[in-house]
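Undergrad: Please find the sequence and the predicted model below.
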Amino acid sequence: MSNGDIFVGEIIGTAILILFGAGVVAAVVLNDSKAKDAGWVVIAFGWGFGVMAGAYTAAPLSGGHLNPAVTLGIAIDTGDWDKVPLYVAGQMIGAILGAVLCWLVYLAQFQANAEEKKAQPTLGIFSTAPTIRNPVANLITEIIATIALVLPILAFGLTKGLGESGTAILIVSFLVVGIGLSLGGPTGYAINPARDLGPRITHALLPIPNKGTSDWSYAWIPVVGPLIGGALSGLIFNAAF
């Protein structure tokens, strides 16, 4: 894979991931959306389908990491660090682009936020927030949830044929759904630094009326937690497998 392929692949794949993921949250929470109040199960499956669409699209170009925690875990496992900055840069740009695309899809609904009766905070569409704000507990949740993602991804590589057939991406997509349903309740399961930070930056910059705070005091947890989880996954994989 060339540097250009990796960079472009991660931008496109991560943008698709965030478009689907932020899009399903917008569909469920925004006023005047046909999917209003569809619920958490719909959100979990929307994110899973976003992983599937983004990873299948990016796989021929970059392998479809779409997540700095995954990239970090793979680098620790393989010892190959040369292309890590390229992957992460593509993921961050893609995450910002995907968040902008989501905003454009729901532009009318976001503009309706200017009406006092319809005004609502919008950060939850773009980024995560805990139900109970406890930095230690929130960090632990993100670490464990990320290990539950990255360690199986590394282990899937040991099964011959999964990668070649493309089945591994489908399995990972359902894994993300499972994480959302089982582990997503406390923090909203960022499990991906780019997935949270890129859209949070976008939220801060977009001209959304009455959008509320971007909550920068919490922003380090969905970045640091997944990075620790990704690093631990690589170390555990090397030690156990």
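TA: Everything's here; your move.

Undergrad: tell me the centre residue of the protein?
TA: Central residue of the chain (CA atoms, centre = their mean): Arg195, 3.5 Å from the mean position.

Undergrad: Grab the nearest non-local neighbour of that residue.
TA: Ala95 (6.0 Å; CB to CB, 6 or more residues apart in numbering). (C-beta placed from N, C-alpha, C; glycine too.)

Undergrad: Next up, phi/psi of that neighbour, please.
TA: Backbone torsions of Ala95, given as degrees, to the nearest 10, read phi -60, psi -40.

Undergrad: could you point out which element follows the lengthiest helix in the chain?
TA: With DSSP state H setting the assignment, residue counts place helix 3-29 as the longest helix in the chain. Tracing the chain past helix 3-29, the next element assigned as helix or strand by DSSP states H and E is helix 40-62.

Undergrad: other SSEs contacting that next one?
TA: Contact partners of helix 40-62 among helices and strands, from 3 or more CB pairs under 8 Å, 6 or more residues apart in numbering; DSSP states H and E: helix 3-29, helix 167-183.

Undergrad: what about 10 Å?
TA: The contact analysis (3 or more CB pairs under 10 Å, 6 or more residues apart in numbering; DSSP states H and E) places helix 40-62 against helix 3-29, helix 84-105, helix 167-183, helix 193-205.

Undergrad: The second one: what's the following helix or strand?
TA: Scanning the chain past helix 84-105 towards its C-terminal end, the next helix or strand to appear is helix 107-111 (assignment: DSSP H and E).

Undergrad: Same check on the last one?
TA: Counting by DSSP H and E, the element after helix 193-205 in chain order, helix or strand, is helix 221-240.

Undergrad: right, and the helices and strands packed on helix 40-62 - which one's nearest Ala53?
TA: With CB to CB as the criterion, Ala53 lies closest to helix 3-29 of those, at 5.1 Å.

Undergrad: Quick check: buried residues in that closest one?
TA: Within helix 3-29, the residues that qualify as buried are 6-29, counting by 16 or more other CB atoms under 10 Å.

Undergrad: repeat for stretch 80-87
TA: So for stretch 80-87, counting by 16+ other CB under 10 Å, buried means Lys83, Leu86, Tyr87.
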